[in-house]
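J.: sequence unavailable; structure follows:
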């Protein structure tokens, strides 16, 4: 049997002149080996049916001759035995446990710069929220506390000089988000050491 | 994080000559959120490392059938666990479900962003709760009318073309955001990661292999990202043409395995 151009068979169906198409189909039927493509030569088949039968025949013969491409095997599990499990999450959990179990009186962690006490900052911020203090009134309050301290001969109370720094101090983060996003397990263990020291 | 509007479409300045505002969003480190949630929010008795296979019911015709009441009783979790057991007999599957919803965890319905949340699918009962990860950029820095005006000024005359550009920019911004949030978990793909569940004497430790096993979203977000829509019972998924999009359902009615 001659090689049959499958696309050519399809083109017969889309020919503008149907009579020519029928004629070409008839000529195609003359060269097709119906026994080989396992169709009944006595029946009238459309071009599509002939095309499908030829495609099946080609696939069948390639399979029999061993020319068919082998299926790509499914990928093996990617885990390598030599790789140990990561401990990042456990280190994060250790850091979280440290953070949540620190006493609020711990001066190592909660004292701020210039010996300003964390509790004083929180008390002042809470009062400002309840009294709806403006920044100017807050500065006046800080000046008044300083005057009263000096007037009574008491030692200096470490407080911020400007009221503006108090909300900033309350919102101060233990670690910046930029650091967190690039945190590695070594960094975490280093931070845990810093916390416990 | 900040994403700029693509300059090949929108240019670099607005109609007043000012630099274009960028798309802004915030997110937290997913490793830290996952670590704290597993430690403090998940009760060890509610955490299932292995599939639950005992949800068997007797049907009227005398046969037995399994009922998928929870994710950990489902066939997908079984297949994952079996696959992991082939190369690590001590490993477990830690399945995460991500969600993006304007109303969840958004009491004030802020228009600046929608919460991006995560669930640990292994947890059941009260331990199955949303874990906040950040605010996704669902809202553009300009209203759609302004974006259309910018595109028109740059010579984009057709409405369909402009709409396609704006929708694509929105979708890519959110997809990029989701990728950025989940990216830190990629490094555990080959080796797994040690996790501790709960605190105190009941604390358990596992070697977990993390799988993203679900994504929950509203109609609007599903339509925007996945091309799916489920407004009514007559509306099919555009991808699979399935009427019932919640084939795995644990909310009100169980899905029987026939």
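T.: Structure received. Values in this document were obtained by computation on a predicted structure and should not be read as measured data. Residues are numbered from 1 along each chain as shown, chains lettered A, B, ... in the order given.

J.: going forward, measure contacts between C-alpha atoms and count neighbours the same way
T.: Will do.

J.: quick one, helices of chain A?
T.: For chain A, helices defined by DSSP state H occupy the ranges A:6-13, A:18-31, A:47-65, A:88-101, A:107-110, A:118-131, A:135-151, A:165-170, A:177-181, A:185-196.

J.: which stretches of chain A have low pLDDT?
T.: Scanning chain A for pLDDT under 70 picks out A:1-24, A:65-83, A:104, A:107-110, A:172-197.

J.: domain ranges for it?
T.: A:6-65, A:88-196 (automatic domain parsing).

J.: TSV for the ones you listed, including distance to chain B?
T.: Converted to TSV, the domains of chain A look like this (distance: least, C-alpha to the nearest C-alpha, whole Å):
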stretch	distance to chain B
domain A:6-65	27
domain A:88-196	5
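
J.: any chance of the ones you listed in JSON lines, plus mean neighbour count?
T.: Formatted as JSON lines, those follow (neighbours: other C-alpha atoms under 10 Å in any protein chain shown):
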{"stretch": "domain A:6-65", "mean neighbour count": "14"}
{"stretch": "domain A:88-196", "mean neighbour count": "14"}
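
J.: okay if I get the ones you listed as CSV plus distance to residue B:83?
T.: Putting the domains of chain A into CSV (distance: least, C-alpha to C-alpha, whole Å) gives the following:
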stretch, distance to residue B:83
domain A:6-65, 32
domain A:88-196, 23
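
J.: who wins for proximity to residue B:203 among those?
T.: Smallest distance to residue B:203 across those (C-alpha to C-alpha): 12.1 Å, for domain A:88-196.

J.: what segments of the stretch 1-150 of chain B are strands?
T.: All strands of the stretch 1-150 of chain B, identified by DSSP state E, counting those that start in this stretch, fall at B:2-3, B:23-24, B:26-27, B:56-58, B:64-68, B:91-100, B:114-120, B:131-136.

J.: and those strands as TSV, adding mean neighbour count, mean pLDDT and distance to residue B:180?
T.: As requested, these are exported to TSV (neighbours: other C-alpha atoms under 10 Å in any protein chain shown; pLDDT from 0 to 100; distance: least, C-alpha to C-alpha, whole Å):
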stretch	mean neighbour count	mean pLDDT	distance to residue B:180
strand B:2-3	14	84	11
strand B:23-24	20	86	13
strand B:26-27	18	88	9
strand B:56-58	11	74	41
strand B:64-68	18	73	33
strand B:91-100	22	91	13
strand B:114-120	23	89	12
strand B:131-136	22	89	11
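
J.: as a markdown table, these with distance to chain A would be great.
T.: Below are the strands of the stretch 1-150 of chain B laid out as a markdown table (distance: least, C-alpha to the nearest C-alpha, whole Å):
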| stretch | distance to chain A |
| --- | --- |
| strand B:2-3 | 13 |
| strand B:23-24 | 15 |
| strand B:26-27 | 9 |
| strand B:56-58 | 32 |
| strand B:64-68 | 28 |
| strand B:91-100 | 10 |
| strand B:114-120 | 15 |
| strand B:131-136 | 12 |
